[in-house]
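A.B. asks: no FASTA, just this:
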Ligand code: MLT
């Protein structure tokens with residue numbers, strides 16, 4: 001049994017040490033876990049902000065891709081990491097949908113993490129291999145209804161953004177396609193470009209270049225309004241599928257128990273990155289935009305996650321789609 005005075009002194013020493021480390025933070029390289037393969041949309045967003053945050057923080061932020069299980073493997077790795085500010089997670093809407101999709105998650109999305117802030121909300125586009133037959137979205141929906149069991153729909157695993165959009169598409173069309181899961185839509189895009197799969201619903205951060213180059217076919221966006229980048233591309237809403245409206249918001253998290261001063265320091269750095277004209281331009285060229293500073297905060301991300309878990313739970317339960 002430790003002497004009470006010794007235990008008290010130790011507690012004070014540990015508190016002071018923690019405060020000191022928060023004050024000096026960061027003093028070494030930081031890891032930002034992206035829970036999908038390199039070269040995909042999440043990876044693109046992460047590398048864009050990590051580069052600018054590194055400059056502001058004075059320490060390198062190294063992106064580590066940990067794919068699998070729709071992003072929940074990577075998220076679980078960060079949930080178990082030391083809460084010292086040197087392991088971050090950049091994850092998107094999948095943080096909210098996996099709370100319902102995975103009934104045996106290795107972590108509780110609402111208690112296993114602390115919050116840095118929202119990063120960007122990325123539109124999605126329904127795309128297909130470049131020789132896919134239908135000429136427009138109305139023809140696409142009719143064709144998919146007619147041939148569903150012969151068509152492959154690529155996604156990045158249950159819990160991914162592409163899975164969510166695919167689920168909404170199949171639910172709206174009452175059609176069950178053959179789903180083909182990947183560890184990210186980076187590798188999924190490679191197969192779509194090669195004609196190995198037929199259809200995918202993916203973020204503009206991963207489809208813009210291919211749409212512009214004509215190497216895939218774009219049918220409709222999942223936005224309320226048409227995209228400035230693709231003014232001739234209809235929205236699914238205007239073409240009769242209002243249920244296919246979803247924006248893929250992204251947030252940065254730290255393991256629960258990270259010092260609030262560290263989360264705040266990271267939030268300030270994120271806000272500076274998002275205000276960088278180079279980031280705004282790069283995101284605009286990819287069909288998206290930075291979140292405003294007031295959203296790049298711990299409180300905003302915490303509120304968003306709670307609201308989105310509540311929003312998607314009934315939608316997922318009505319679809320009856322679960323990972324386990
Ligand atoms: C990715 O980064 O590969 C995508 O976010 C996967 C997905 O969520 O569809």
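C.D. replies: Cool, got the structure. No experiment lies behind these values; they were computed from the predicted model shown.
A.B. asks: which non-adjacent residue is nearest residue 36?
C.D. replies: With sequence-adjacent residues excluded and distances taken as Cβ to Cβ, 6 or more residues apart in numbering, residue 36 is closest to residue 184, at 3.6 Å. The way it works is simple: take the backbone N, C-alpha and C, and place the C-beta from them, glycine included.
A.B. asks: got it, and residue 53?
C.D. replies: residue 269 (4.5 Å).
A.B. asks: now do that neighbour against residue 77, distance only.
C.D. replies: Plainly put, residue 269 is 22 Å away from residue 77 if you go by Cβ to Cβ, to the nearest Å.
A.B. asks: contacts only, for the residue nearest the centre of the chain.
C.D. replies: Taking Cα atoms, centre = their mean, the centroid of the chain lies closest to residue 92, which sits 2.3 Å from it. Taking Cβ atoms under 8 Å, 6 or more residues apart in numbering as the contact definition, residue 92 lies against 42, 71, 122, 161, 248-251.
A.B. asks: in helices, which of those residues fall?
C.D. replies: Using DSSP state H, the subset of the contacts of residue 92 located in helices is 42, 161.
A.B. asks: check the contacts of residue 92 one by one and keep those near the ligand.
C.D. replies: 42, 161 (Cβ under 6 Å from any ligand atom).
A.B. asks: farthest pair in the contacts of residue 92?
C.D. replies: 71 and 122 (14.5 Å; Cβ to Cβ).
A.B. asks: out of the contacts of residue 92, who's nearest residue 65?
C.D. replies: Residue 65 lies nearest to residue 42 out of those, by Cβ to Cβ, at 8.9 Å.
A.B. asks: was I right about the closest one contacting residue 183?
C.D. replies: No - with contact defined as Cβ atoms under 8 Å, residue 42 does not count as touching residue 183 (11.3 Å).
A.B. asks: quick check: neighbours shared by the two?
C.D. replies: Joint contacts of residue 42 and residue 183 (Cβ under 8 Å, 6+ apart) are residue 36.
A.B. asks: higher neighbour count, these two?
C.D. replies: residue 42 (33 against 24; other Cβ atoms under 10 Å).
A.B. asks: all strands of the stretch 101-250 of the chain, in order?
C.D. replies: 113-122, 124-129, 152-155, 178-181, 199-203, 216-221, 248-255 (DSSP state E, counting those that start in this stretch).
A.B. asks: which one of residue 269 and residue 77 has more residues nearby?
C.D. replies: More crowded of residue 269 and residue 77, by other Cβ under 10 Å: residue 269, with 24 against 19.
A.B. asks: between the helix or strand containing the more buried one and strand 113-122, how big is the angle?
C.D. replies: Take DSSP states H and E as the rule and residue 269 turns out to sit in helix 260-275. Helix 260-275 runs at 10 degrees relative to strand 113-122, counting by axes from the mean of the first three to the mean of the last three Cα atoms, to 10 degrees.
A.B. asks: any low-confidence regions in the chain?
C.D. replies: Low-confidence segments of the chain (pLDDT under 70): 1-2, 13-20.
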